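Colleague: Just need the structure, nothing else, for what follows:
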Amino acid sequence: MDQLIRPAALLLDFGGVVVATTNRPSWPQELAAELHRDLTAAGCHELSREDIVSDLEAAAAADSHWKNAMSRPAAPAEMTAHRYWTEFVAADWPPAALAFVTAHALVLCHRQGQLRQDRETRPGMDELLDAADGFGLPVAIVSNALSGSVHRDYLRDTGLDKRLALQVYSDEAGVRKPNPEMIHLAARALGVPASRTWYVGDNFDRDVLCGRRAGVGASVLMEARGTYERPYVVRVQPDAVVADPYGLRDLLVAACARPGAGTDDAA
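Modeller: Numbers count the residues shown, from 1 in each chain. All right, here's what the predicted structure looks like:
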């Protein structure tokens, strides 16, 4: 591994880097129960809970395939909440039920995001942020999300938001990784060139590729559940691989504390 540049900013993915996620198998049943109740209250009686569960599961599977496919275009746009609910979940629903989810798509995406996964801050994040603070480096989140508000809530509830300079989510930006604009948005907001940033993510086809397309100073892969389950051959390789936030902290310290390291070593 070559020596990495001293970054002027650290850009982190959310899931797999800041937090470890655990899928909750019961989420379709839970969301279907809530949605069935709300549809019934609104006068929509045609769909059973089982119908809704089936369509939620089908939509999630289709969305997963869509996400894999969207790593191939050079500049993919993000799925909107409206499209997800009207085309992936409810395309064949009765008109009144379709109108209901259309009107409540943002709220429904947020609730789905809450129910689908449990999240826990990865050990070593505080130490990583302490190191970044010590070197005067701003830290930002750059993450794909169908509902970035779920991530914002988690970071607020854990107090981590106070340690971040910026949060960029694909549903709010309208584009998704590996679209390099995700990283460029963060770099512009922080006032640093992308070539002076490190981008850290947990997979090849979205994160490492996004860093390469954006021209970051270093693209770092952090290992997490699913990191090596690549949907297809991805030729890009990271500049460094770390096991966890502790490993990233050590990598950062080595780059920033190296004799002669400074903001001009990427010139």
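
Colleague: what about the helices in the stretch 101-250 of the chain?
Modeller: Ranges of helices in the stretch 101-250 of the chain, per DSSP state H, counting those that start in this stretch, are 105-116, 125-134, 148-158, 170-173, 181-190, 209-214, 245-257.

Colleague: If we go by neighbour counts, what in the first one is buried?
Modeller: Read it as helix 105-116. 105, 108, 109, 110, 111, 112, 113, 114, 115, 116 (16 or more other Cβ atoms under 10 Å). For every residue, glycine as well, the C-beta is placed using N, CA and C.

Colleague: Grab the nearest non-local neighbour of residue 12.
Modeller: Excluding the flanking residues, the one nearest residue 12 by Cβ to Cβ, 6 or more residues apart in numbering is residue 200, at 5.1 Å.

Colleague: Which strand residues bridge the one you found?
Modeller: residue 12, residue 220 (DSSP bridges).

Colleague: before we move on, the earlier item: tabulate the helices of the stretch 101-250 of the chain in JSON lines, adding columns for mean pLDDT and distance to residue 10.
Modeller: Shown next, in JSON lines, are the helices of the stretch 101-250 of the chain (pLDDT from 0 to 100; distance: least, Cβ to Cβ, whole Å):
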{"stretch": "helix 105-116", "mean pLDDT": "98", "distance to residue 10": "25"}
{"stretch": "helix 125-134", "mean pLDDT": "98", "distance to residue 10": "6"}
{"stretch": "helix 148-158", "mean pLDDT": "98", "distance to residue 10": "15"}
{"stretch": "helix 170-173", "mean pLDDT": "98", "distance to residue 10": "19"}
{"stretch": "helix 181-190", "mean pLDDT": "98", "distance to residue 10": "10"}
{"stretch": "helix 209-214", "mean pLDDT": "98", "distance to residue 10": "12"}
{"stretch": "helix 245-257", "mean pLDDT": "96", "distance to residue 10": "7"}
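
Colleague: Can you say which of the ones you listed is packed in most?
Modeller: helix 209-214 (a mean of 24; mean count of other Cβ atoms under 10 Å).

Colleague: on contacts alone, who are the packing partners of that one?
Modeller: helix 181-190, strand 197-201, strand 218-222 (3 or more Cβ pairs under 8 Å, 6 or more residues apart in numbering; DSSP states H and E).

Colleague: and residue 231, which of those is closest to it?
Modeller: Nearest of the helices and strands packed on helix 209-214 to residue 231, taken as Cβ to Cβ: strand 197-201 at 15.0 Å.
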